[in-house]
Every structure is written in structure tokens, then in C-alpha cells.
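S.K.: turn this into a structure:
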Amino acid sequence: MMLLAIEQGNTNTLFAVHDGAEWIAQWRTATEASRTADEYAVWLTQLLAMRGLTLGDLDGCIISSVVPQSIFNLRNLSRRYLEVEPLVIGENVDLGMPVRILKPKEAGADRLVNALGAHLKYPGDLIVIDSGTATTFDVIAADGAFEGGVIAPGINLSLQALHEAAAMLPRIAIQKPEKVIGKDTVSNMQSGVFWGYIALIEGLVARIKAEWGKPMTVIGTGGVASLFEGATDSIDAFDPDLTIRGLLEIWRRNTHLKGE
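M.R.: Sure thing, here's the model as predicted:
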């Protein structure tokens, strides 16, 4: 079995290949909703060739996307170039996990996949913090159920908003400032965004734990999560592989159910 797993966020899209034993390749590209199946195929063919693989070697595909208008093109990539019907989170898969929120269909595919990926590795009640376009806090019960959570603007969105809404504020890079009290405009902004997000994380984690009333393990993941490593004690572990771990498990559960 050679599985292509596609995890598409609002900013980046991850393509990963699993050979049945381990992940052997991972690539990221900017998310563009208008990118066609043919364009994806050209790009992917070149990257596969660097690993001695072809599109014909891939005999399975699973897709998780939070960009509905892109799913059509990703599905066509699988059908046309891999010649397989893909599993699409939210459409034709059984997650095998309870979703205990008021409107289960509203839960983002990425959040559900992360929840499963976290539950597979970490015991007990969990909080998963995913730092991407949005910063999400997901609560997973000890039995693996998705219990809801919190959605806040992502750190890049905050930087973009500062730059676009205030004429005198420049576009800056995200980095940890040496001191909280900035001495110029750039260090003021870096402190506000970096330490502001640390305070957001610490404050929401504390409030979630108080409301939950039981011990919880906190896992950080996502594109900018590594920025916060070592800056706060509120995150117990950083794990970049939650999503692909969850996708692989969903693939295995669903292909097993179909007797494949």
C-alpha cells in the first residue's frame, strides 16, 4: 500500500506519502483554491521523481481540507492521476470517534483529524492547540471524543491586521523579542504579538482546565507552534505529526471496514 495523504489548511497544503510502514516523504505548498488537478499533478510528479516514485505507485488517497472549493480539484487529482476514489473527511469516511458538540457537521475536518491523532498517542483528557491561520484549542475526552473548544485569530492574521489597519505600522517577521517592553515600533509589535499569544495560550488553557475540572495534557501543533517552545509551561508537548497520524488511522479504519 502506498498512501497519499493530503491535509489542506487555509494557508498551506501538506502532501505526505506512507509506504505501509512509515512516512517516506512530505511536501508543503501554498494553498490556492483555484489550483487545478492538472497543476497539482505536474508539481507532485516532479517531487515524487526526486524520491524515485511516480503517481502510478500511489494506490490510495485520503483528503482533509478546510477549503471547500479546493476539494473538487483534489478529488480529481486522485481520480484522474492515481485512478482511485479518495476518502474525504466529512464526506465518505467513518471517523470512529464521538463528536459531542451541538452541530457535529460544523466541526472542521482538521480539528477532528488532530483530535484522533492526539488520542492515539496521548492518554487521558487533552487540549490540542493548533497554531495556523486560526489558533484553535480543541478538547478531547479520555475516550477520544471531540468535545469542542475555542477558535482565535492566528498569529499571522494578527500581524497582517496591524500592518493593514495602521498606516504607520510595518510588516514584520514573527520572532521572540528579547524583552517584553519594546524600545522601537518593530520590537513593540513583536512583543505584542509574541507575548500576547503566549498570554492567550496560558489564559485559555487555565480557563479550559478550570471548566473541565480534571487533569489535562496540552499538545501544541501547527505551522508556528514551534515558536512557543520553551516560552511557556502551559504546553506539555509539541507534536507536528498529529494530522498525518490521524489521517493514516482514519484510512486504516475505513479500508478495513470495506474489507480492502
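
S.K.: how far off centre is the top helix by length along the chain?
M.R.: Across the chain, the longest stretch assigned as helix under DSSP state H is helix 185-212. Its chain's C-alpha centre and that of helix 185-212 lie 20 Å apart, by Cα atoms, centre = their mean, to the nearest Å.

S.K.: average model confidence for it?
M.R.: Averaged across helix 185-212, pLDDT comes to 93.

S.K.: packing partners of it?
M.R.: Counting contacts by 3 or more Cβ pairs under 8 Å, 6 or more residues apart in numbering; DSSP states H and E, helix 185-212 is packed against strand 125-131, strand 134-140, strand 146-153, helix 155-165, strand 216-221. All C-beta spots, glycine's among them, are computed from the backbone N, C-alpha and C.

S.K.: let's go with 6 Å and repeat that
M.R.: Packing partners of helix 185-212 (3 or more Cβ pairs under 6 Å, 6 or more residues apart in numbering; DSSP states H and E): helix 155-165.

S.K.: I'd like to know the average pLDDT value across the helix it packs on.
M.R.: According to the model, helix 155-165 has a mean pLDDT of 78.

S.K.: which residues are contacting it?
M.R.: Applying Cβ atoms under 6 Å, 6 or more residues apart in numbering, the contact partners of helix 155-165 are 169, 171, 193, 197, 224.

S.K.: could you redo the last one with a cut-off of 7 Å?
M.R.: With contact meaning Cβ atoms under 7 Å, 6 or more residues apart in numbering, helix 155-165 is reached by 131, 133, 135, 169-172, 174, 189, 193, 197, 224.

S.K.: pull out the buried residues from the lowest-mean-pLDDT helix or strand in the chain.
M.R.: Lowest mean confidence among the helices and strands of the chain (mean pLDDT, DSSP states H and E): helix 155-165, at a mean of 78. Using 16 or more other Cβ atoms under 10 Å as the burial criterion, the residues of helix 155-165 that qualify are 155-159, 162.

S.K.: which one of the residues you listed is nearest residue 220?
M.R.: Ranked by distance to residue 220 (Cβ to Cβ), the buried residues of helix 155-165 are led by residue 155 at 12.7 Å.

S.K.: now do that closest one against residue 180, distance only.
M.R.: 16 Å (Cβ to Cβ, to the nearest Å).

S.K.: gap between residue 173 and residue 198?
M.R.: 17 Å.

S.K.: more neighbours: which of the two?
M.R.: Comparing residue 173 with residue 198 by other Cβ atoms under 10 Å, the one with more neighbours is residue 198, at 18 against 7.

S.K.: the more buried one reaches residue 227, doesn't it?
M.R.: No: if you go by Cβ atoms under 7 Å, residue 198 and residue 227 don't touch, sitting 9.5 Å apart.

S.K.: list the contacts for residue 64?
M.R.: Counted by Cβ under 7 Å, 6+ apart, residue 64 has contacts 7-8, 89, 109-110, 113, 247.

S.K.: buried ones in the longest helix of the chain?
M.R.: Buried, per 16+ other Cβ under 10 Å, within helix 185-212: 187, 189-195, 197-198, 200-201, 204-205, 208-209.

S.K.: with stretch 119-130 instead?
M.R.: 119, 122, 125-130.

S.K.: what's the nearest residue to residue 182 if we skip its chain neighbours?
M.R.: Using Cβ to Cβ, 6 or more residues apart in numbering and skipping residues adjacent in sequence, the residue nearest residue 182 is residue 188, 3.6 Å away.
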